[in-house]
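Okay, sequence plus prediction incoming.
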Amino acid sequence: MAEAIPVVVVGAAGKMGREVVKVVSQAADMNLVGAVERDPEMEGQDIGEVAGYGELEVPLTTDLQATLVMATQERGNPVMVDFTHPDFVYENTRAAIAYGVRPVIGTTGLSNEQIQDLADFADKASMGGAIIPNFSIGVILMQQAAVQASRYFDHVEIIELHHNQKADAPSGTAVKTAELLGEFGKPYNPPSVEETEKMAGARGSQTQDGIRIHSVRLPGLLAHQEIIFGAPGQLYTLRHDTSDRASFMPGVLLAIRKVVEIKNLVYGLEHLL
Ligand SMILES: NC(=O)C1=CN([C@@H]2O[C@H](COP(=O)(O)OP(=O)(O)OC[C@H]3O[C@@H](n4cnc5c(N)ncnc54)[C@H](OP(=O)(O)O)[C@@H]3O)[C@@H](O)[C@H]2O)C=CC1
Ligand SMILES: O=C(O)C1=N[C@H](C(=O)O)C[C@H](O)C1
């Protein structure tokens, strides 16, 4: 039997981190070896106790670098899963690659330049890795349906709706969806009238291809997205709703298993399916 994959979770006590800790600690082919947070008050507390799953004998630490080094000393190819914050994810990912730990990145908010830079860095190190704006299969299927529709519709707007604890806007999912729709290189939403925004932002943000993205933030929401295509006399609406963060976990486990097999860094779960 292959060696278990040593896994470090960064942002382990957060909303997503706790879910990852749970599924990784239950996976027979994975070994949770590290749990990183940034609050020094959490130092030394057992992540299983903090997350409410009972003792896992993995103490929380604020020392990412030491944890990465420790992970490389375990048997098997180590993986770092990051669900932290847009301000820290780039440095965390670079550190993982530098230390020889394959990154699986769920944190959103990386710029295209940062993603390219990380992909180049991983290439040089022949290191597998994944930056995944959305781990749920339903979103990937919605994006594929949208790409199909974009061949026939010239007008499209994206509405993404999230809980109001979300730091970045637009969502990583919406950004990626717009990028996929832009792959044909056609301009969207040709103007039919001269528009005036009476309140700034009323028409949302606009990509280079003319796709509009609108971000809604409310308590009571989790993660939702609508892609609305319009043409004379018809609307085609695609919608995905996340009602539980457990929906992301099969994708996270898949990514952990895949990044130890590949030698480059991919952007999007579709590259691992
Ligand atoms: N790809 C996907 O499918 C999904 C992606 N996400 C993304 O994941 C990210 C996290 O989301 P969520 O779990 O809801 O957020 P939370 O705020 O609940 O969790 C983030 C955790 O990371 C900690 N943290 C922040 N910075 C660091 C750091 N430098 N080192 C270690 N720990 C750190 C936070 O600590 P503190 O509270 O002290 O700041 C917090 O405990 C977001 O970018 C979100 O968009 C979310 C869901 C699905
Ligand atoms: O912050 C979240 O919650 C989510 N973030 C990701 C994003 O920005 O697309 C994925 C999902 O929408 C949940």
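Perfect, thanks for sending it. Ligands and ions are numbered 1, 2, ... in the order given.

Hmm, residue 122 and residue 129 touching each other?
Yes - between residue 129 and residue 122 there is a contact at 4.8 Å, judged by C-beta atoms under 8 Å. Using the backbone N, CA and C atoms, a C-beta is placed for each residue, glycine as well.

Now the common contact residues for the two.
Residues touching both residue 129 and residue 122 (C-beta atoms under 8 Å, 6 or more residues apart in numbering) are 97, 103, 264, 265.

Select only the buried ones of those residues in PyMOL?
Buried residues among the shared contacts of residue 129 and residue 122 (16 or more other C-beta atoms under 10 Å), as a PyMOL selection:
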select buried, resi 97+103+265
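
burial count for whichever residue of the stretch 1-150 of the chain sits closest to ligand 1?
Nearest to ligand 1 in the stretch 1-150 of the chain, going by C-beta to the nearest ligand atom, is residue 14, at a distance of 2.0 Å. Per other C-beta atoms under 10 Å, the neighbour tally for residue 14 reads 18.

Among the shared contacts of residue 129 and residue 122, name the ones in helices.
residue 97 (DSSP state H).

count of residues packed around residue 246?
Quick note: residue 246 (other C-beta under 10 Å) scores 12 neighbours.

Contacts only, for the closest residue to it other than its chain neighbours.
Closest residue to residue 246 apart from its sequence neighbours, by C-beta to C-beta, 6 or more residues apart in numbering: residue 19 at 6.4 Å. Shown in contact with residue 19 (C-beta under 8 Å, 6+ apart): 245, 246, 248, 249.

would CSV of the shared contacts of residue 129 and residue 122 with pLDDT and distance to ligand 1 be doable?
Output for these, formatted as CSV (pLDDT from 0 to 100; distance: C-beta to the nearest ligand atom, whole Å):
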residue, pLDDT, distance to ligand 1
97, 98, 16
103, 98, 13
264, 97, 19
265, 98, 15
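
which one of the shared contacts of residue 129 and residue 122 sits closest to ligand 2?
Set against ligand 2, the nearest of those by C-beta to the nearest ligand atom is residue 103 (16.5 Å).

Determine how far the last residue of stretch 50-69 lies from the first.
Terminal residues of stretch 50-69 lie 24 Å apart, using C-alpha to C-alpha, to the nearest Å.

quick one: average confidence on it?
Here stretch 50-69 scores 97 as its mean pLDDT.

Name the residues that touch it?
8, 10, 12-13, 17-18, 21-22, 25, 32-40, 42-49, 78, 80, 92, 95-96, 99, 101.

Return the residues of the stretch 101-250 of the chain in contact with ligand 2.
108, 133, 134, 162, 166, 171, 172, 173, 223 (C-beta under 6 Å from any ligand atom).

Tell me how many other residues surround the second one.
For residue 133, the count of nearby residues is 23 (other C-beta under 10 Å).

Adjust the sequence numbering to begin at 585 for everything that follows.
New numbering, starting at 585: the last item is residue 717.

which one is it nearest to, not counting chain neighbours?
Leaving aside its chain neighbours, residue 717 sits nearest to residue 756 (3.4 Å; criterion: C-beta to C-beta, 6+ apart).
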